[in-house]
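*Asks:* Show me the folded form of this:
(chains A and B)
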Amino acid sequence: MLFNSLDFAIFLPIVFALYWLIPSKNLKVQNLLIVAASYTFYGWWDWRFLALILFSTLVDYIVGLNLKKEKPKSFRLTLLWTSIAVNIGLLVFFKYFNFFLDNFAEAFTFFGGEIQTRSLNIILPVGISFYTFQTLSYTIDIYKRKLEPTTDFIAFAAFVSFFPQLVAGPIERASNLLPQILAPRKFVQSQAVDGLHLIIWGLFKKVVIADSCAVYVEEIFSNYESMNSFTLLLGAFYFAFQIYGDFSGYSDIAIGTARLFGMNLMRNFNFPYFSRDIAEFWRRWHISLSTWFRDYVYIPLGGSRLSRWNGFRNILIVFLVSGFWHGANWTFIFWGALHALFYIPLFLMKRNRRNLDIVALDRVLPNWREFLAMFRTFFLVLIGWIFFRADTIAQAFNYLKGIVSLKFDGFMQYLTIERYAPELLVLITLFIIIEWFIRRSEHPFYGRLRLIKLIGILFLLITQGVYTDAKDFIYFQF
Amino acid sequence: MKKFLIYSLKIVLITFVLLYASDLVYTAIYEHSIPRNKLQYLVKKEQQEYDIAFLGSSRVANHINTQLFDSLSGKKTINLGVEGAGLNDNLLQLKLLLSKNKVKSVYLQLDPNFENVNPSNLGTVESMPFIKNREINTHLQENFEDYWKLNYVPFYRYAINDPKIGFREAIFSAINKKPRIDPSIGYTPKYKSSGKLVGQHLPKTIKNNNPVLDSIEKICARNAVELVYYISPYCSKTKNLNYIEKLKSKIPSIIDLTEGYPDSLFYNCAHLNDTGAGLFTENLYLATKSL
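*Replies:* Predicted coordinates for the structure are as follows:
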């Protein structure tokens, strides 16, 4: 079920009403409803894969309970590795099996051997990368004795499958979400209103910004060989806003929906395109994933504690793994490596924690130094997005070659193909301006002009949204 | 909770008001603007008399130079070819044309459009702002599964057809921006060539019959309109060209005008350029002048 579908528009009010109408707000029944709603939400896409979620839930629930007991360290470690093996095993099989097989065969052929492989026709279960990481955080935290396991299976199942963030995050930590699921919920008016506002703002980002950009991105990247430099540059620019609008829009809807049910999910995006360096970008982009890798990969590897070299190595590992997490393609690994390349100089010069505050916090506009820093960071991110979006690394390099060839004949070549384009640039500019002025908050609907802003965004949502076909969220494929 | 529900309802209400208001504004714009496409032209023009109306897809829009045809024949003609249109869209055009105007003959281009019975997203969509028009309403009801939403959900028809009748087109209509092609003439010339000709595949098999074509025939018969079928050429790179023979055996009265056009006269494999269109128009005139 897509957030931007009529199905969800009917589903959400029904679940919301049932949830708060439960007599005496009975916690067990509320959690059971969450599980039922979440399984319905997921099963709407493909009910067969519900078994996977249930399996993952069962394994980690049992592992969690047994980790609590005073057992020898080796036994606890075995349990932890069981959980890791099951979750990562599922992920590897469904997401990376064909990738490994194909690359193994290619490597074999490269060294003169001959091998026949047959790729399996594997469907990637939606959200597997998200919920496996979420359940892993549970067992790892219990192993480290940072968290008490729950004996309430329904609550745990609700934590794993909580429908607002099941298929594309934010990847919640058990330490944040599980206590909320275990505690009685009270309806808080301001929290719910905020949730509603976030849903509207997220829909705007997805349906107006991301989906409008998608039309052009598809056209330009599919025909990049015949496009001039300006058009190629615009293609990358549009993709930057497509993926941001798409993913942060999804996250906003997820966080907003959770608030309707009295839950607070972690923030996933914090205006990343206003970052002054790559390190700041990674503190603001897909925060739930980057902090997951920080806490469960980077720090266990030693972080930057031991030596500069160790820190360098660990950063490289985290970026490569993070890239690979996005998909079974060398382009994602290259994208990760590229970001490591951008990040490591900052780390070596100890400048990776310089920009921890909000840019131009007490001013309306940034100064020229801040502006240049944001522009430079956005430009680096843009280069990365070309590799992220391209089908192959070679294609990405050819795309970049097309940009630097400085051919400007025809200006915007693709404008005749679909919809409108100069208007889209106006729309994106408006979006950037709105984002700039709300960078201290989550959405624009605050203050005395709240209702007018709301009407304005609803009007844009109606008249500028793309409704020709409901487009999937990009991160579903990850 | 009560306050939240009231606030949510307020948002829902605002959304519906905006939907309804946007629908009203868009519709009013289209109703009061100059026609910017052939469908709108047909809806708005009344009491016109034509000797011949040419119906079909872009292969009509690009191929028939009505001014040339008129000068050769001394007749008054109109080119109603619409890019991407199929027979179903042509049926709607015909209904609209005959509802308020008089036509002696309809020249209908037949080609692989014979295989299709559904309306296209390109042709019929342009009629949706005028959904209250009886002909259009009935046609949409008969052919669109989401007719209910198109007719009753405010702004739905504009939202799902944004590239054709959405914001950009509404703005252009509001300021009465002249269209690229004058719909009262309808000829859309293509110049030179789009590049290397890439052959397209015609269908390998042919349908037994096309019910939409049967409807077109019935309407023409009912209104005493002469119906003439013809087929225009494809470039030499086209695959399965024997489809033309199959079509001729299915519809023996069809006028075959596919021969005598070197590839140099093509803009792309299915469309003649301006020079080719001139030759084609002359040939069509010669082939039909005794009718």
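
*Asks:* contacts, neighbours, all on C-alpha from now
*Replies:* Noted.

*Asks:* Could I get the buried residue list for stretch A:53-60?
*Replies:* Residues of stretch A:53-60 classed as buried by neighbour count (16 or more other C-alpha atoms under 10 Å in any protein chain shown): A:53, A:56-57, A:59-60.

*Asks:* I'd like the average pLDDT over it.
*Replies:* Averaged over stretch A:53-60, pLDDT sits at 92.

*Asks:* Closest to A:Leu400 out of the buried residues of stretch A:53-60?
*Replies:* A:Ile53 (40.6 Å; C-alpha to C-alpha).

*Asks:* Now do the contacts for the closest one.
*Replies:* When contacts are counted by C-alpha atoms under 8 Å, 6 or more residues apart in numbering or on different chains, A:Ile53 touches A:131, A:160-161.

*Asks:* Now do the buried residues in stretch B:137-155.
*Replies:* B:137, B:139-141, B:147, B:150-151, B:154-155.

*Asks:* what's next to it, contact-wise?
*Replies:* B:16, B:19-20, B:22-23, B:92, B:118-119, B:131, B:156-157.

*Asks:* got the buried residues for the helix or strand of chain A with the lowest mean pLDDT?
*Replies:* Least confident element among the helices and strands of chain A, by mean pLDDT, DSSP states H and E: helix A:97-110 (a mean of 73). Buried residues in helix A:97-110, counted by 16+ other C-alpha under 10 Å: A:97-100, A:102, A:105-106.

*Asks:* Contacts only, for the residue sitting nearest the centre point of chain B.
*Replies:* By C-alpha atoms, centre = their mean, chain B has its centre lying nearest to B:Val82, at 3.4 Å. Contacts for B:Val82 (C-alpha under 8 Å, 6+ apart) come out as B:38, B:56-58, B:60-61, B:123.

*Asks:* what subset of the residues you listed is also close to chain A?
*Replies:* Residues of these in contact with chain A (C-alpha under 8 Å from any C-alpha of the partner chain): none.

*Asks:* so which one among those residues has the lowest pLDDT?
*Replies:* Lowest pLDDT among these: B:Gly123, 73.

*Asks:* quick one on the thing from earlier: need the next SSE after the least confident helix or strand of chain A, C-terminal direction.
*Replies:* helix A:128-143 (DSSP states H and E).

*Asks:* At the contact with chain A, which residues of chain B appear?
*Replies:* So far as C-alpha under 8 Å from any C-alpha goes, chain B lies against chain A at B:1, B:3-4, B:7-8, B:14-15, B:18-19, B:22, B:159-164, B:166-168.

*Asks:* What about the residues you listed, which are in helices?
*Replies:* Of those, the ones assigned to helices by DSSP state H are B:3-4, B:7-8, B:14-15, B:18-19, B:22, B:159, B:162-164, B:167-168.

*Asks:* Quick one: buried ones out of those residues?
*Replies:* Counted by 16+ other C-alpha under 10 Å, these give B:4, B:14-15, B:18-19, B:22, B:159, B:162-164, B:167-168 as buried.

*Asks:* Dump those residues into TSV; add distance to B:Asn176 as well.
*Replies:* Converted to TSV, these look like this (distance: C-alpha to C-alpha, whole Å):
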residue	distance to B:Asn176
B:Phe4	44
B:Ile14	30
B:Thr15	28
B:Leu18	24
B:Leu19	23
B:Ser22	18
B:Ala159	21
B:Asp162	18
B:Pro163	18
B:Lys164	16
B:Phe167	14
B:Arg168	12
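
*Asks:* Now do the least confident helix or strand of chain A: distance to the chain's middle.
*Replies:* Centroid displacement of helix A:97-110 relative to its chain, using C-alpha atoms, centre = their mean, to the nearest Å, is 28 Å.
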